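A.B. asks: Fold the following.
(2 chains)
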Amino acid sequence: MRRSKQRSALPGFGLTMGMTLFWLGLVVLVPLSALVIRAAGMGWAGFAEVGLSPRALAAYRLSFGAALAAAAINAVFGLLIAWILVRYEFPGKKLIDAAVDLPFALPTAVAGIALVSLYSDNGWVGSLLAPLGIKVAYTPLGVTIALVFIGLPFIVRSVQPVLADLGRDVEEAAATLGATRGQTFRRVILPAILPALLTGFALAFARGVGEYGSIIFIAGNMPFKSEIAPLLIITQLEQFDYDGATAIACVMLVLSFAMLLFVNLLQAWRARRGTR
Amino acid sequence: MSGSHPTTVESPWARRALIGVGFLFLALFLFLPLVMVFAGALAKGWQVFFDALVDPDALAAIRLTLLVAGISVPVNAVFGVAAAWAIAKFDFRGKSLLISLIDLPFSVSPVVSGLVFVLLFGAQGWLGPWLTEHGVRIIFAVPGIVLATVFVTFPFVARELIPLMAEQGRDDEEAARSLAATGWQTFWHVTLPNIRWGLLYGVLLCNARAMGEFGAVSVVSGHIRGLTNTMPLHVEILYNEYDFVGAFAVASLLASLALVTLGVKTVLEWRFGIHRAGAAH
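C.D. replies: Next comes the predicted model:
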């Protein structure tokens, strides 16, 4: 089969490729196509009835809105944390650097019950906010807080390596030309790290839209108010409405693939910029 | 160092302010939740904490979680090594498409990951009637939990090994082959030692996710106590029954697992220069 032994003298391509394709098909592609085929069989009217119902639209709005808000908050603070980790020396720096990945490692349900206990009216943080009239738990704000927790590492880990590779010479040039530190940041540093920041933003956003475990405890789960899209899928399933669950899942799937495409385009853009 | 280019550093007070804000943000969003888990677990003392852990339902949940991770992690590790071998050591068309397909489970909501298996194997799913007829239970039973976990943790090992093995190239393997080593010998004695730390790194992250997965497993489990409850699901049940100490006690085991994972991962990054996989997980 192999045309030239020169190209790769190694064996096992057929075996490993076969295993890869078989396993990928069995575990990922067949199950996902079951979803698409089921949705296709529903017809547009049936699909829209549930998938685009007012309750579903409210759920998408919350899921996407909170994910957007959280990603924006993280873009600011994640950039700040990446900045201090790359540029400054302070005690406990290595510990902080390692701890940034905690949201990747901590099971979402654990994060969920911890966050709601902190931010409920008698929790450590919630009791400080309650007198100010700020209610976090069981509101859309709570959903956003949970997504800030989940999304932080995406931004920090996207920006950090780019910031570390950034040469100081451009900054020095800007400074010798009389730029203030603020101007240098806005005009020199920010444009250089913007693609990485956007990638992190998109990854955090995409993860936030589909997030379930860390949210359901802190969200009130009230239809039209604090019900996220993944929870609505579970509600439909509990009523044995497979079609309804499928329709909502399909809308989410399409939107998250659009995000994935966006991330890939960004990375292609970064690669092009990098070679210049 | 900082003194030589005074124009490219912030003033000391600006630096302190930035570090302060960063610390405050991390304290509020990372450290406080972590402290909360352990404080909640020990709120009524060590005795209540231990009692919650040796509760038969909690023990059953721990056993099930270990079983599920014990199946899905090795399966995905073998897949990951095979996929990385095919993708990194050979040239073929459609390579980047294949990598994207392997990464697919990362971009699917956990709930949707569970849903697809209900659509296949559930009572009203495609194979549901046939399975019922033959007395096979997948949904609301252990096989469904394993399948959902395998799906969710599918890319972890592969995405760790593909760049590592691509970077290492195939010179070592080709040298072994020219010395008449068989394919398996080459793999065992040349490739595996080269990738062992990267493999460990991938397995570690895969395991953390497998043991902690909640959304996907929640959809397929049916929450039957003592039978189909994993640790994260048991945490949810206890919490919803207002048994906060019990919930946090089981949660503290999972949090400890997360801390151990982070610790070993950090050591691997520092000592062996394993790259930080961060951004896409």
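
A.B. asks: pLDDT below threshold where in the chain?
C.D. replies: If you meant another chain, say so; for now it's chain A. The model of chain A has pLDDT under 70 over residues A:1-9, A:274-276.

A.B. asks: switch to chain B, that's the one I care about
C.D. replies: Chain B contains residues with pLDDT under 70 at B:1-7, B:274-281.

A.B. asks: And the residue nearest the centre of it?
C.D. replies: Taking CA atoms, centre = their mean, the centroid of chain B lies closest to B:Arg209, which sits 2.3 Å from it.

A.B. asks: Chain neighbours aside, what residue packs nearest to it?
C.D. replies: Leaving aside its sequence neighbours, B:Arg209 sits nearest to B:Thr153 (CB to CB, 6 or more residues apart in numbering or on different chains; 5.0 Å). Yep, even glycine has a C-beta here, placed from its N, CA and C like the rest.

A.B. asks: Please apply the same query to A:Leu80.
C.D. replies: Of all residues not flanking A:Leu80 in the chain, B:Gly22 sits nearest, at 5.4 Å (CB to CB, 6+ apart).

A.B. asks: ok, back up a step: quick one: what helix or strand has the residue nearest to the centre of chain B in it?
C.D. replies: Using DSSP states H and E, B:Arg209 maps to helix B:192-212.

A.B. asks: Now do the contacts for A:Gln267.
C.D. replies: Each residue near A:Gln267 by CB atoms under 8 Å, 6 or more residues apart in numbering or on different chains is listed here: A:Thr199.

A.B. asks: residues touching the residue nearest to the centre of chain B, list them.
C.D. replies: Applying CB under 8 Å, 6+ apart, the residues contacting B:Arg209 are B:152-153, B:156.

A.B. asks: Can you give me the buried ones in the helix holding B:Arg209?
C.D. replies: Neighbour-count burial for helix B:192-212, counted by 16 or more other CB atoms under 10 Å in any protein chain shown, picks out B:195, B:197-212.

A.B. asks: how near is A:Tyr212 to A:Gly142?
C.D. replies: Plainly put, A:Tyr212 is 14 Å away from A:Gly142 if you go by CB to CB, to the nearest Å.

A.B. asks: Pick out whichever of the two has more residues nearby.
C.D. replies: Between A:Tyr212 and A:Gly142, counted using other CB atoms under 10 Å in any protein chain shown, A:Tyr212 has the larger neighbour count: 27 against 24.

A.B. asks: now the contacts of B:Arg209 in JSON lines, with neighbour count?
C.D. replies: Listed next are these as JSON lines, based on neighbours: other CB atoms under 10 Å in any protein chain shown:
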{"residue": "B:Val152", "neighbour count": "26"}
{"residue": "B:Thr153", "neighbour count": "27"}
{"residue": "B:Phe156", "neighbour count": "27"}
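
A.B. asks: The residues you listed in helices, which ones?
C.D. replies: Using DSSP state H, B:152-153, B:156 are the members of the contacts of B:Arg209 that sit in helices.

A.B. asks: which secondary structure element contains residue 96?
C.D. replies: No chain specified, so I'll use chain A. According to DSSP H and E, A:Ile96 maps onto helix A:93-99.

A.B. asks: meant chain B actually
C.D. replies: Using DSSP H and E, B:Ser96 falls within helix B:95-103.

A.B. asks: That helix: what's the following helix or strand?
C.D. replies: helix B:110-121.

A.B. asks: Please pull up the helix or strand immediately following that following helix.
C.D. replies: Using DSSP H and E, the next helix or strand after helix B:110-121 towards the C-terminus is helix B:128-133.

A.B. asks: which outside residues touch that following helix?
C.D. replies: B:121-123, B:137-139.

A.B. asks: now with 10 Å?
C.D. replies: The contact list for helix B:128-133, computed with CB atoms under 10 Å, 6 or more residues apart in numbering or on different chains, reads A:242, B:118-123, B:125, B:136-139.
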